[in-house]
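S.K.: dropping a prediction and its sequence here:
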Amino acid sequence: FNEFQLILARNAMKGFNQALRARAFRLIDESLVRFGFLVLRSGDPPDGFLPSGSYRIIDRASGLYQKMTTT
């Protein structure tokens with residue numbers, strides 16, 4: 001895809017089933033550069049979809065995460 005410093009996906013996964021959410025998070029993880037930021041809707045935590053320990057929570061209430069490792 002591309003390499004991004006910031007990905008805003010606040011309402012992108014609202015109606016996705018589990019398989020589609022997993023695919024979307026995988027694409028986001030592959031596209032976001034190291035130390036890039038990911039913004040999600042507060043009800044869409046990446047827990048269970050993204051590699052454990054690879055994202056730092058900046059502000060969970062705002063849905064702001066920072067990628068710490070490359071995959």
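M.R.: Yes, it's here.
S.K.: Leu8 is in what secondary structure piece?
M.R.: strand 4-9 (DSSP states H and E).
S.K.: show me what that strand is in contact with.
M.R.: Ala24, Ile28, Ser31, Leu32, Val33, Gly36, Phe37, Leu38, Val39, Leu40, Arg41, Asp44 (C-beta atoms under 8 Å, 6 or more residues apart in numbering). In this view, the C-beta of every residue, glycine as well, is placed from N, C-alpha and C.
S.K.: all helices of this structure, in order?
M.R.: Using DSSP state H, the helices found in the chain span residues 18-31.
S.K.: which stretches of it have low pLDDT?
M.R.: Low-confidence segments of the chain (pLDDT under 70): 1, 70-71.
S.K.: quick test: name the residue nearest the centre of it.
M.R.: In the chain, the C-alpha nearest the mean C-alpha coordinate belongs to Leu38, at 5.1 Å (C-alpha atoms, centre = their mean).
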